[in-house]
Structure formats: C-alpha cells, structure tokens
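Peer 1: Predicted coordinates and the sequence they were generated for:
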Amino acid sequence: MKMEEGTPNGHKQPVSPMKRVLLRTPQELAEKLQGVVCV
Amino acid sequence: MNHFGSPFNFPEEFIAVYRLHPLSPDLIEYREWNNEPNVIRHNVPVIETFRGKATEVVRTTGLADWTVSMGRQRLGALTLQNNPQFLQNLKMNRLQSPTQQVVVAALDLVRDRERGIPRYNEFRRQYGLKQLTSFDGFVDTRVPKDSSVRHKQEQLVKTLRAVYGQHQCNEIKVITKAQLNKDKMRINDCLGHPNGSLIDNIEDVDTVVGWLSEIRRPHGFAISETQFVVFILNASRRLFSDRFLPPVSARSSIQRLASSG
C-alpha cells in the first residue's frame, strides 16, 4: 500500500484512494496534491 | 442471506436519504491548474458538460483543470428551494411527453411515494426519532427572533403550510403503530393538539421535503438528523451484508456467491 511520508497525524497514513486516482490520471497535479493528506 | 431479520438489499429508505440533488451547482467555476488557480476564469454551466458532452469537455480542456475546479468549489447546501435549475427542466429525449422534460425534484418525491416510503413524520417515528407536531417544529429556535435568518425560516414554514395545508384534527383517528405518546396512549390525528383544532398537515410532508426542511442540525453537519441516522445504520449494514466483500473464508465466500442470486 502506498503510504504518505512520515506520520502526518502521529500515525503512518495510507494515501487516500481518491488521491491515488488523481496521482495516476492528471499526473501534472502531483505537486499540488502533496499537501492533501488525511490528518 | 438474512441479517438481523432482513434479507440483504438496499432498503428504500437509504435511497430516500440519498436524494442529494441540491448539492449540485448550476455553474462550475472553471480554474486553470497551471495558470493562477486562485482566479476563476469563467463559469461553465453543468448542463453543457452533461451526459455525452462530458467526454468532449474533458478531452478539450484536460482533466487537471476540472480536478482543480471541482476540488475547489463548495457544494450546494442541502436545503429546500436549492435544487439546481438545470435539474428542474431536464431534457429527456426518450420521453413521450410534449415537453420531453422532467423536474428531477418532483421525480424524487414521486418515486418515494410509489415505493411506499412512509411520509416524513411516520418515517421518523419508525426510525425511533421524535415526531413533529407542526411545521413550526422545523424552525431553529436558537436563532434570534428579529434576525433575517429567523425570518427566512418562518417564511419557509409559511410556504410549507401553503403547500401542504391544514385540517381539523380528530382524536378518534389513530395514525401510527410505530410509537406511543408519553402517557402510553396511541398517537392520534391531533398530535397532542386539542380535539377539533386546526393543525398542520405535517403527516403529509414528503420524506425528502421533510429532511430538507430540517434547519436545525448538529454543529458542523451538512446533512440532517433524519439522514444521519439512516446513513449510520445502513453504511455499516451494506458492508456487513455485501456478498462481494470477503467474509470469514474464501470457501464460504464462494458458497455464498453460488447459493444466492
């Protein structure tokens, strides 16, 4: 499973399903999506 | 498949609280992901990006712009009088009516009625929630009386009264088996009002109209109390009863698939 870097909310956090789709399809948004993390 | 006394399916009340058309806007604020995304370039009518047109729009403008635009835009509020206009005269070419148009908001009501969803007040009683005894029950009494917000709420109540009307109540008529009054007596047509008095036709309010009228909500809630309890119950139930999600073992999974429709 793809994980977020570090422990954004004190725990290891998987990349959300929607974010995974967005990272795959409009790939140019990868940079903007960096900060989109479940906290 | 039988879970907690009911066969697995989507209960109709789940569908009734999923009628979320007011969330949809009429216009999408179009932004460009790589050209100052804080600036709204133009407004795109949803109706122009609908059905077969969707593919062309995405191909010509790019998925990234749409992701940023739709990711940044807020939803419409789930309240009365907030259905998007494009769903109020939606073209349906297969219809054999003179206009070939439907009002989706009306369709929401008609379908619930056809499928035997109880009207709002009975729906709440069957779910173990408190009934309302008049349209005034929708008003959020915490809002100051002289404020414009309160005035708007009271206006909404007047509209409901004009649409659904009032009647002279008759306490002989028992109207539900779902709950009893506090004194253990059966709930009757008067809903606690004196016999023969003029009361709101609260029992006629359609379920969707009712929960869209729930102005008072728990803090931070986008959805109403009625929706919330239905969602909470069914969200876990549909996972638990889903034959395509792995249960105890693969073998029982295959058996379930083989032995059920």
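Peer 2: Yep, that arrived. Residues are numbered from 1 along each chain as shown, chains lettered A, B, ... in the order given.
Peer 1: Number of residues surrounding B:Arg19?
Peer 2: Using other CB atoms under 10 Å in any protein chain shown, B:Arg19 is surrounded by 20 other residues. Every residue, glycine included, has its C-beta placed from N, CA and C.
Peer 1: and if you look at B:Arg186?
Peer 2: 13.
Peer 1: Please name the residues that touch the closest residue to B:Met92 other than its chain neighbours.
Peer 2: Once flanking residues are discounted, B:Met92 sits nearest to B:Val102: 5.5 Å by CB to CB, 6 or more residues apart in numbering or on different chains. Counting by CB atoms under 8 Å, 6 or more residues apart in numbering or on different chains, B:Val102 touches B:Leu90, B:Met92, B:Leu95.
Peer 1: and if we set it to 10 Å?
Peer 2: B:Val102 is in contact with B:Leu87, B:Gln88, B:Asn89, B:Leu90, B:Lys91, B:Met92, B:Leu95, B:Val110, counting by CB atoms under 10 Å, 6 or more residues apart in numbering or on different chains.
Peer 1: who's in contact with residue 24?
Peer 2: Picking chain A for this. So A:Arg24 contacts A:Ala30 (CB under 10 Å, 6+ apart).
Peer 1: meant chain B, my bad for not saying
Peer 2: B:Val46, B:Leu75, B:Gly76, B:Asn82, B:Asn83, B:Pro84, B:Phe86, B:Leu87, B:Val104.
Peer 1: and if you look at B:Gly71?
Peer 2: Contact analysis of B:Gly71 by CB under 10 Å, 6+ apart lists A:Met18, A:Leu22, A:Leu29, A:Lys32, A:Leu33, A:Val36, B:Arg31, B:Trp33, B:Pro37.
Peer 1: Once you drop chain neighbours, what's closest to residue 39?
Peer 2: Unless you meant another one, I'm taking chain A. Sequence neighbours aside, A:Asn9 is the residue nearest to A:Val39 in space, at 4.4 Å (criterion: CB to CB, 6+ apart).
Peer 1: hm, I was asking about chain B
Peer 2: Of all residues not flanking B:Val39 in the chain, B:Arg31 sits nearest, at 6.9 Å (CB to CB, 6+ apart).
Peer 1: Alright, calling it a day.
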